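Q: Just to be clear, the model below is a prediction. Sequence and coordinates:
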Amino acid sequence: MDTGRRGLVMVLTGNGKGKTTSAFGQALRAIGHGAKVLVIQFMKGSEEYGELKAARQHLGGVLTVEQHGLHRFVDKANPRPEDIDLARRGLAKAKEALAGGEYGLVVLDEINVALDFGLIGLADVQEALASRRPHVDVILTGRYAPTELVQAADMVSEVLDIKHHYADGIPAREGIEF
Ligand code: ATP
Ligand code: MG
């Protein structure tokens, strides 16, 4: 359903913690105003993420989270064919959702990393963004956002790593890191 206002392209990048969780906060806000939200998570493939559990257990019908990756480290110099195939499938789903208009907000989580690792091509991402229905807002998260996306975006936030408890030896914890 077109609502007449132009959808924004927003980028959340940088080395600090808070990009993905900020995108989910944006999703919650949009849902509060009646939007349906789709989150496509590149390079992730674990049922343990709290945001995935929350979507499935409490937000069915308004927040859909799809993972198009493996729960395994991707070697940037030598990605597995499966890593590439999954990322490309995620981008195909993203393009379909952006053009379909069913969702008021589409979050492409870690897509900047998938681009940096060469799993998907910048031209394909730009085409998906260009083909979106005018009312659809989109957020692209992940470190290493390419200059071209930063320049084309309406909003860019860079999350700066000032300090992180990981440096004090505090391991990843459910509810915080996942
Ligand atoms: P979050 O998912 O908590 O919002 P993020 O999306 O900003 O974090 P990513 O850059 O996607 O973080 O990194 C993936 C994982 O690494 C996340 O679990 C995140 O909590 C953790 N992380 C992020 N920044 C740091 C950091 N500076 N030092 C250690 N771990 C970090
Ligand atoms: Mg993230």
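A: Ah, there it is. Numbering: from 1, shown residues only. Ligands and ions are numbered 1, 2, ... in the order given.

Q: Find me the pLDDT at residue 5, would you?
A: Residue 5 carries a pLDDT value of 85.

Q: The closest residue to it other than its chain neighbours is in what secondary structure piece?
A: Counting by Cβ to Cβ, 6 or more residues apart in numbering, residue 135 is the residue found nearest to residue 5 once chain neighbours are left out, at 6.3 Å. No exception for glycine: its C-beta is placed from N, CA and C like everyone else's. Per DSSP states H and E, residue 135 falls between elements, in no helix or strand.

Q: can you offset everything so residue one is 286?
A: All set: I'll call the first residue 286, so the last point we hit is now residue 420.

Q: Any idea how many residues pack against residue 420?
A: The number of residues packed around residue 420, counting by other Cβ atoms under 10 Å, is 16.

Q: surely it meets residue 385?
A: No - proximity of residue 420 to residue 385 does not meet the contact threshold set by Cβ atoms under 8 Å, at 11.5 Å.

Q: Following the chain onward from the top helix by length along the chain, which element is next?
A: If each helix of the chain is counted by residues according to DSSP state H, the longest one is helix 366-385. Heading C-terminal from helix 366-385, the first helix or strand you meet, by DSSP H and E, is strand 390-394.

Q: Quick check: residue 304 vs residue 342, distance?
A: 23 Å (Cβ to Cβ, to the nearest Å).

Q: more crowded one of these two?
A: Each of residue 304 and residue 342 has its neighbours counted (other Cβ under 10 Å); residue 304 has more, 24 against 8.

Q: contacting residues around that one?
A: In this structure, residue 304 makes contact with 297-298, 426-428, 444, judged by Cβ atoms under 8 Å, 6 or more residues apart in numbering.

Q: quick one, phi psi at it?
A: Residue 304 adopts backbone torsions of phi -70, psi -60, taken as degrees, to the nearest 10.
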